[in-house]
Structures are given as structure tokens and as C-alpha cells.
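In: Sequence first, then the predicted structure:
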Amino acid sequence: LFDGAAKGVLGATACERFDKASDGLVAVRTPTDAFDVLRKVRMGITVQQMVLVARTGDIWLSGRKYGLNSG
């Protein structure tokens, strides 16, 4: 029976990564702050990380800004 839980390393580390990310979110004020939090939970299989800013429509990918205000 499928219980919806992630298997393998992803499942085994999910709670710890969630806790680390949750603890760091309080201090996030900028995309750079968000990438600092993401770095703490990055796994070896991670190819890219993104920060999405709903207020502005900006998308940050690997430290580079894209979106409505990317100039």
C-alpha cells in the first residue's frame, strides 16, 4: 500500500531538511537570504535552486534575477 511518503535518502532526510529550512525562514528578507537557507538543505541530487518573489514577479535562479523587473 502506497502511503505517500518519500523513499530512500530523500525520505530519510526530509524532516531534518524541513526543520532546517523552517528555522531559517524567519530571517529571510532578500533573495540572498533565501539562497542561504536553501544551501543548508541542498542535497547531492540538487541541480538548481530558485527563489520566487510573488510581490514583484521576480524569479531568481542560481543568484541571477529574471522576471518582470529583471531590466
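Out: The structure has been received and is ready for your questions.
In: per-residue confidence for the residue positioned nearest the centre of the chain?
Out: Closest to where the C-alpha atoms of the chain average out (CA atoms, centre = their mean) is residue 38, at 4.4 Å. You'll see residue 38 listed with a pLDDT of 86.
In: That one: which element?
Out: helix 31-41 (DSSP states H and E).
In: Just the CA atoms of that helix, as PDB, please.
Out: Extracted C-alpha coordinates of helix 31-41, given in PDB (Å, rounded to 0.1, in the frame of the first residue of the first chain):
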ATOM      1  CA  PRO A  31      16.700  36.500  -2.200                       C
ATOM      2  CA  THR A  32      20.300  36.200  -1.000                       C
ATOM      3  CA  ASP A  33      18.900  35.300   2.500                       C
ATOM      4  CA  ALA A  34      16.600  32.700   0.900                       C
ATOM      5  CA  PHE A  35      19.500  31.100  -1.000                       C
ATOM      6  CA  ASP A  36      21.500  30.900   2.200                       C
ATOM      7  CA  VAL A  37      18.600  28.800   3.700                       C
ATOM      8  CA  LEU A  38      18.400  26.700   0.600                       C
ATOM      9  CA  ARG A  39      22.100  26.000   0.700                       C
ATOM     10  CA  LYS A  40      21.700  24.400   4.200                       C
ATOM     11  CA  VAL A  41      19.200  21.900   2.900                       C
END
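In: Just the buried residues of that helix, please?
Out: 31, 34, 35, 37, 41 (16 or more other CB atoms under 10 Å). Just so you know, the C-beta spots here come from the backbone N, C-alpha and C atoms, and that holds for glycine as well.
In: counting contacts, what elements does it pack onto?
Out: helix 8-25, strand 50-53, strand 58-61 (3 or more CB pairs under 8 Å, 6 or more residues apart in numbering; DSSP states H and E).
In: Return the residues in contact with residue 13.
Out: residue 43 (CB atoms under 8 Å, 6 or more residues apart in numbering).
In: repeat that with 6 Å
Out: With contacts defined as CB atoms under 6 Å, 6 or more residues apart in numbering, residue 13 has no neighbours.
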